[in-house]
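# No sequence on hand, only this structure:
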């Protein structure tokens, strides 16, 4: 698998966001093990310290836990916690910019609903 890293955001944060997305998408479920630091570092040609830093942030946020000698595991309730925080972040940080753009472009609600329905049909 080839991964393209964004030059504007530190790689450890991008890696953390990939794990967060996997939890939100249900790819990683409570009790599932995360790939080992060494495995991720080898697969994506990263420094193991970079991977460790991403994983440590997930531990600090109580999304995963370290099990000595066994690795990192997704905590119960991690998805719900992420959904709550990501929804709040979206509503307070991203949504106001989206609303402003909608107003600026003069889009109507019916146009937005139709576009959302078309996008849903493609998914």
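Done, it's in. Everything numeric in this text was worked out from a predicted model, so none of it was measured.

# Would you map the helices across this structure?
11-24, 37-44, 48-60, 78-89, 95-105, 109-122 (DSSP state H).

# Select, out of those helices, the one closest to residue 69.
helix 37-44 (13.5 Å; CB to CB). Yep, even glycine has a C-beta here, placed from its N, CA and C like the rest.

# What mean pLDDT does that closest one get?
Averaged over helix 37-44, pLDDT sits at 96.

# in it, what counts as buried?
Buried residues in helix 37-44, counted by 16 or more other CB atoms under 10 Å: 37, 40, 41, 44.

# got it, and stretch 31-38?
Within stretch 31-38, the residues that count as buried by 16+ other CB under 10 Å are 34, 35, 37.

# how about a markdown table for the residues you listed, with distance to residue 83 added?
Output for these, formatted as a markdown table (distance: CB to CB, whole Å):
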| residue | distance to residue 83 |
| --- | --- |
| 34 | 19 |
| 35 | 23 |
| 37 | 26 |
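
# still on that earlier bit, what is the nearest of the buried residues of helix 37-44 to residue 11?
Closest to residue 11, out of all of the buried residues of helix 37-44 and judged by CB to CB, is residue 44, at 8.7 Å.
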